[in-house]
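> Compute the structure for the input listed below.
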Amino acid sequence: MGAGITGSLVAERLARQGLDVIIIDREIPGLGSTAASTSMLLWEIDRPLSTLAEVYGFDRAAQAYRASFDAVRGLTALVHSLGIACELREKDSLYLAAGSAAGSLLDEHRMRQRAGLPGEFLDHGRLHDAFGVQRAGAIVSPGAADSDPLQLSRGLLHVAAARGARLFDGEATVFDASERSTIVGLKNGREIEAKSVVLATGYVMPDIVCSNVHRVSSSWAIATVPQPENIWRNGALIWEDAEHYQYARTTRAGRIIIGGEDSDEIVEPVARDRLIPEKSAVLRQKLAALWPRAETGMEFRWAGTFDTTSDGLPLIGPVPGHRGIHAAYGYGGNGITFSFLAAQLLGDLIAGGGAPLLDDFALDRDAVPMPA
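As a prediction, this is how the structure comes out:
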């Protein structure tokens with residue numbers, strides 16, 4: 001269920017396993033959260049490793065981070081092997097201090113080193129010399145990427161269809177699971193009988209899915225006019241050490257995309273979109289402060305609604321109490337990265353395997369207060 005980037009990745013994986021795959025979506029494929037994504041393929045999770053380690057223990061936190069790192073590498077390898085034209089580019093990420101000091105970033109860097117993760121800490125002077133950015137410090141890390149999310153999603157759907165997957169316009173309203181199979185009842189009165197069902201419906205969750213760790217959030221973004229002469233070094237993916245962080249990347253044409261100003265109070269589409277002019281003006285100011293060389297004239301501006309989780313980890317695995325139904329919800333700033341990971345984990349699970357990560361990403365895990 002769902003033909004956005006998550007559903008596309010899952011469909012590609014299951015079709016590759018030789019399964020009979022049906023994809024349904026009530027909208028035009030990819031024109032939900034996928035089209036609104038800025039498609040920063042980060043392996044760094046929305047919650048710092050140090051924060052996750054404080055709550056879940058170092059080993060569990062490091063396992064999630066390493067899985068995310070491997071997922072970006074796996075996704076880039078998949079795109080290259082399938083020859084999908086989606087402007088995929090391998091990038092460094094630049095994780096900036098949001099305040100006047102960078103001590104917490106230095107601690108984070110040391111913990112990442114302990115976990116075997118790559119990266120280098122830059123103090124204020126080295127950051128300015130290397131990138132021309134005025135912040136107290138940063139961690140620069142290899143292993144990230146960016147792409148055009150809609151081209152990526154539709155390319156994966158095309159590959160899945162070439163392997164026999166079928167795409168239908170449909171909205172699921174009823175789920176009836178038994179020992180043998182699951183019946184999915186559609187709004188148009190038709191039914192689909194399946195051995196396994198994967199929910200990849202983004203922030204629009206069916207009623208059978210319950211989680212105490214997720215919330216809906218809106219984000220706004222702008223794209224400037226092309227200015228390849230004004231791009232920071234190598235177009236690294238930029239984000240901040242803050243809960244509601246600003247994020248920025250470049251495009252192949254030399255535009256600068258900056259987003260953020262997130263809100264979990266304004267999520268209804270009409271109210272969200274009404275704020276686009278106001279939020280766009282703020283983002284232009286943020287861009288000017290971050291990168292004074294930028295020409296801040298806008299060519300595009302938009303908003304999107306996404307889900308996030310309190311611990312920054314995805315919701316992947318069986319839906320409790322509903323045999324044969326699985327969830328693939330890769331939320332937060334790592335949405336596409338986690339979507340690839342969901343495709344791998346659920347592909348293995350449906351084939352009869354398993355993975356310890358499914359316990360960490362379980363839908364019914366307890367909501368744990370996060371350190372400030």
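
> Spell out, range by range, the strands that occur in the stretch 51-200 of the chain.
For the stretch 51-200 of the chain, the strands defined by DSSP state E, counting those that start in this stretch cover 89-96, 120-123, 137-146, 166-169, 172-177, 182-186, 191-194, 197-199.

> Including mean neighbour count and mean pLDDT, could the ones you listed go into a markdown table?
Yep, even glycine has a C-beta here, placed from its N, CA and C like the rest. Below are the strands of the stretch 51-200 of the chain laid out as a markdown table (neighbours: other C-beta atoms under 10 Å; pLDDT from 0 to 100):
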| stretch | mean neighbour count | mean pLDDT |
| --- | --- | --- |
| strand 89-96 | 22 | 96 |
| strand 120-123 | 18 | 97 |
| strand 137-146 | 23 | 97 |
| strand 166-169 | 14 | 94 |
| strand 172-177 | 16 | 90 |
| strand 182-186 | 17 | 93 |
| strand 191-194 | 14 | 94 |
| strand 197-199 | 25 | 96 |
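
> For Ala372, give me the pLDDT.
We have a pLDDT of 65 for Ala372.

> Over to Gln151?
Per the predicted model, pLDDT is 95 at Gln151.

> re the thing from before, would you mind giving the strands of the stretch 51-200 of the chain as TSV with distance to Met40 added?
Conversion of the strands of the stretch 51-200 of the chain to TSV gives the following (distance: least, C-beta to C-beta, whole Å):
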stretch	distance to Met40
strand 89-96	8
strand 120-123	19
strand 137-146	6
strand 166-169	27
strand 172-177	30
strand 182-186	33
strand 191-194	33
strand 197-199	24
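
> in this protein, which spans are helices?
In the chain, the segments counted as helices under DSSP state H are 5-16, 33-36, 49-56, 58-82, 103-114, 124-131, 149-162, 269-274, 276-290, 335-350, 357-360.

> Figure out which of the strands of the stretch 51-200 of the chain is closest to Ser8.
strand 166-169 (9.9 Å; C-beta to C-beta).

> re the thing from before, and Leu19, which of the strands of the stretch 51-200 of the chain is closest to it?
strand 191-194 (9.9 Å).

> Each with direction, which strands does the closest one pair with?
In the sheet, strand 191-194 lines up against strand 182-186 (antiparallel) (DSSP bridges).
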